[in-house]
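K.L.:
predicted model and sequence follow; I will ask about them next.
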Amino acid sequence: KKMQKTFRKLLKRNIIDYTKQENWKEAIENPKKGNKPYVFYASPKCPFCQRVWAYMEHYQIDYEYVFINLDQERPEWYKTIQPKGTVPLLEITEKNTYIHDSAEALAYLHETERKQELSSHEKGTELIGNIWKQFFSMLKEGEEKQDGLEKAIEQLQHYLQEKDTQFIQKNDMDYADFYGIGMMTRFQHPLKRHYQWTLNEDKYPHVAQYIKRLEINQSTLRTALPNDFYAKDFDKYAKK
């Protein structure tokens, strides 16, 4: 019930009012209520959902949000369009097609809605992806993997320092920032919970400021769960 209350507070969409609990069942059984260009099947728990969700919020792309409960068996109607049961899933209504991968969905929106190319973002997404990889390595295997994470953070520190911009490419959020938003705003909390590890802001000031800018962005605030939720949600991956 506490989880549902949190979700209802966050998921305020134009077509389905997720603040009303009676709409949860309705949304699950009959997800399409409007005639939106996109239908976004997702869960706020998922960091890869957040990259697409925050992007659409930031650029005010018209879409319908369909909540998928990751703590329950997926409904049969969802299995027919996504047999693996994973999220996110982006439906392109006009084409009656689905994009099953979050990075591909983000790229599609970036190229289709904003007519922007992706090549200039490759380095930024690579650095962020490496931090996420090293984060999981440390979370699963313990403090002996801390050096790998620190090295990945140091590489992003140098990149941001050389760029001298508030975000990855410029002074406003762009593709690479949304690509990493669900990763960069979450990875510290499970590590603090399990290993008392926190980012050294004196050693990595550019990375620390970058994360803070992501956290206070309105698109992040509209698509994020509380930090203590993220800390606990990764318990199943942590070294026992």
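P.N.:
The structure has been received and is ready for your questions.

K.L.:
spatially, what comes nearest to V52 if we skip its sequence neighbours?
P.N.:
Take V52 and drop its neighbours on the chain: the residue closest to it by CB to CB, 6 or more residues apart in numbering is A105, 5.0 Å away. To be clear about C-beta, it is placed using only N, CA and C from the backbone, and glycine gets the same treatment.

K.L.:
report how many residues lie close to that neighbour.
P.N.:
The tally of other residues near A105 (other CB atoms under 10 Å) stands at 26.

K.L.:
N69 - how many residues pack around it?
P.N.:
The local packing of N69 (other CB under 10 Å) involves 15 other residues.

K.L.:
next: K84.
P.N.:
K84 - counted by other CB under 10 Å - has 9 other residues nearby.

K.L.:
before we move on, back to that, residues contacting the residue nearest to V52?
P.N.:
V52, P88, L90, I99 (CB atoms under 8 Å, 6 or more residues apart in numbering).

K.L.:
hang on, Q157 packs against A208?
P.N.:
No - if you go by CB atoms under 8 Å, Q157 and A208 don't touch, sitting 9.1 Å apart.

K.L.:
which positions in the host helix or strand of R193 come out as buried?
P.N.:
In this structure, R193 is located in helix 188-195 according to DSSP states H and E. Buried positions in helix 188-195, judged by neighbour count with 16 or more other CB atoms under 10 Å: Q188, H189, P190, L191, R193, H194, Y195.

K.L.:
which SS class is I128?
P.N.:
Counting by DSSP: H, G, I helix; E, B strand; the rest coil, the backbone at I128 sits in helix.

K.L.:
as a quick check, tell me the outermost residue of the chain.
P.N.:
Largest separation from the mean C-alpha position in the chain: E144, at 27.2 Å (CA atoms, centre = their mean).

K.L.:
from K236, how far off is it?
P.N.:
Going from E144 to K236 by CB to CB, to the nearest Å gives 20 Å.

K.L.:
what is the mean pLDDT for stretch 231-240?
P.N.:
On average, the pLDDT along stretch 231-240 is 90.

K.L.:
quick one: that stretch to chain centroid distance?
P.N.:
Distance of stretch 231-240 from its chain centroid, counting by CA atoms, centre = their mean, to the nearest Å, is 18 Å.

K.L.:
start and end of that stretch, how far apart?
P.N.:
Stretch 231-240 has an end-to-end distance of 15 Å (criterion: CA to CA, to the nearest Å).
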